[in-house]
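Asker: Requesting a structural model of the entry that follows:
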Amino acid sequence: MHHSIEIEHLSYSYPDGHLALQDVSLSIKPGEKVALVGPNGAGKSTLILHLNGILSGEGSVCVCGLEVSPATLGRVRAMVGLIFQSPDDQLFSPTVFDDVAFGPLYQGLPPGEVAARVEEALGAVHMSAYARRVSHHLSMGEKKRIAIATVLSMKPEVLVLDEPTAGLDPRSRRSLIRLLGELPLTMLAATHDMRMVRELFPRMVILDEGRVAADGPTGVLMEDVALLEAHGLERT
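Answerer: Now for the predicted structure:
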């Protein structure tokens, strides 16, 4: 069986010469929920952007057995649903329905199938009643759910999230965590929300200065106070 994500010896430098990732190797099995944690500037977002080819460094990145390359980008981006930190980066259509329909339409699916995909995706995030609403008039928590629906409508195999709880009030945060727990997808989330990590992600990868500093069961790593402090993290 293929791993959902297989990263081997990945390094990446930005145009200004800053080395953001250094020899990162990471494997994630189908169905695993993994948290990617570390201080600001550790390389978390840079790593995530390699998973659907927005960035391309040295080394290899495979998704569901398919190497990420210019020739495979279309297929990879259908398999990897990337949720940006700000939902406004993903919502740009006149209505919620149009936002969620965008991906399936771009794939060339017939109207009936597109409508079915939208209905299913909105149902999965408990937003079925919002199809005709204007995305930009929604709350941050509602926008995050719609952003997830725009990805679910593509029927991805892997969900990759950048700071999913950022900017949410306590009620919206709790609601989003519950939603993510319901989704039966392989999941990788870059986050500073250590309470969410403990609750939702059985495995934790600590990234610092572009390197994997630790990778193991969340419960075990959370008890290693010296390790957490060394990498700017707090035990919850």
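Asker: Just the pLDDT for the residue nearest to residue 88 when sequence neighbours are not counted.
Answerer: Closest residue to residue 88 apart from its sequence neighbours, by C-beta to C-beta, 6 or more residues apart in numbering: residue 143 at 7.0 Å. For every residue, glycine as well, the C-beta is placed using N, CA and C. You'll see residue 143 listed with a pLDDT of 95.
Asker: just residue 1 next, same as before
Answerer: Reported pLDDT for residue 1: 61.
Asker: Same check on the one 5 residues further on?
Answerer: As predicted, residue 6 sits at a pLDDT of 95.
Asker: Start the count at 24 instead of 1 going forward.
Answerer: Taking 24 as the first residue, the last one we looked at is residue 29.
Asker: okay, now the closest residue to it other than its chain neighbours: neighbour count?
Answerer: Nearest residue to residue 29, sequence neighbours excluded (C-beta to C-beta, 6+ apart): residue 85, at 4.2 Å. Using other C-beta atoms under 10 Å, residue 85 has 20 other residues around it.
Asker: CA-only coordinates of whichever strand or helix holds residue 85 in PDB, if you can.
Answerer: If you go by DSSP states H and E, residue 85 is part of strand 81-86. Provided in PDB are the C-alpha atoms of strand 81-86 (Å, rounded to 0.1, in the frame of the first residue of the first chain):
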ATOM      1  CA  GLU A  81      15.400  19.300  -4.000                       C
ATOM      2  CA  GLY A  82      14.400  15.800  -3.000                       C
ATOM      3  CA  SER A  83      11.200  13.900  -3.700                       C
ATOM      4  CA  VAL A  84       7.600  14.400  -2.700                       C
ATOM      5  CA  CYS A  85       5.000  11.700  -3.400                       C
ATOM      6  CA  VAL A  86       1.300  11.800  -2.800                       C
END
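Asker: Can you give me every residue that contacts the residue nearest to residue 111?
Answerer: Listed by C-beta atoms under 8 Å, 6 or more residues apart in numbering, the contact set of residue 166 reads 110, 111, 114, 158.
Asker: between these, which is nearest residue 216?
Answerer: Nearest to residue 216 out of these is residue 110 (C-beta to C-beta; 16.3 Å).
Asker: The closest one touches residue 163, doesn't it?
Answerer: Yes - taking C-beta atoms under 8 Å as the definition, residue 110 is a contact partner of residue 163 at 7.3 Å.
Asker: between those two, which one's more packed in?
Answerer: Shown here are residue 110 and residue 163; by other C-beta under 10 Å, residue 110 has more neighbours (23 against 15).
Asker: Which residues are in contact with the more buried one?
Answerer: Applying C-beta under 8 Å, 6+ apart, the residues contacting residue 110 are 163, 166, 167, 169, 170.
Asker: hang on, the earlier thing: which secondary structure elements does the strand holding residue 85 contact?
Answerer: Packed against strand 81-86 by the contact rule (3 or more C-beta pairs under 8 Å, 6 or more residues apart in numbering; DSSP states H and E) you find strand 28-36.
Asker: What strands line up against the strand it packs on, and which way round?
Answerer: strand 42-51 (antiparallel), strand 81-86 (antiparallel) (DSSP bridges).
Asker: Would you reformat the ones you listed as CSV and include mean pLDDT and distance to residue 215?
Answerer: Converted to CSV, the strands paired with strand 28-36 look like this (pLDDT from 0 to 100; distance: least, C-beta to C-beta, whole Å):
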stretch, mean pLDDT, distance to residue 215
strand 42-51, 95, 18
strand 81-86, 95, 24
